[in-house]
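>>> Return a 3D structure for these sequence lines:
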Amino acid sequence: MAVVCGFADGDRLGNAVAFDTAADAIGFDADALYAYWGIIGTHLLFVALAFAILHYGRTTREALGLSLGVLLLNDIVDYGVGFHPPLRYEPGLVVPAATVALSFVAVALAAWGFDRLASVDNAD
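Numbering: from 1, shown residues only. As a prediction, this is how the structure comes out:
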């Protein structure tokens, strides 16, 4: 309500106070909210880039296998060794399991979306 009233009145100071109060109420400060949306925005750009690469990229089974191996190794280092990104909570089992599942989903989507590169043996 305070945010809506601030916009209606054109009171920028009221907007800032209402934003800070709302951010404190949900457990984030203004910097954390900015970082959160910055991370979301950059990851959405990664998705757009991935779709663009599909138009000119090709792959092989070996490259897909290597990609899955690197992703799973990263998951092991992040959550098995404890080098995961800083979180506001303990990751438990759900976050690592979801991360491993996303690794498989990402490679499966790449296998489905990319055209196959002709092998060197079959090029003749």
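
>>> Let me know the pLDDT of the closest residue to P85 other than its chain neighbours.
In space, P85 comes closest to D78 once its chain neighbours are excluded; the distance is 7.5 Å by Cβ to Cβ, 6 or more residues apart in numbering. To be clear about C-beta, it is placed using only N, CA and C from the backbone, and glycine gets the same treatment. Note on D78: pLDDT of 90.

>>> hang on, isn't D78 packed against H84?
Yes - D78 lies in contact with H84 (Cβ atoms under 8 Å); the separation is 4.3 Å.

>>> so how far is F51 from the residue nearest to P85?
Distance from D78 to F51, counting by Cβ to Cβ, to the nearest Å: 25 Å.

>>> all strands for the chain, in order.
With DSSP state E as the criterion, the chain has strands at 58-59, 115-116.

>>> Averaging pLDDT over each of those strands, report the lowest-scoring one.
Here those differ in mean pLDDT, and the lowest is strand 115-116 at a mean of 88.

>>> quick one: contacts of that strand?
Applying Cβ atoms under 8 Å, 6 or more residues apart in numbering, the contact partners of strand 115-116 are 57-60.

>>> Highest neighbour count among these?
Using other Cβ atoms under 10 Å as the neighbour criterion, T59 leads these with 16 neighbours.
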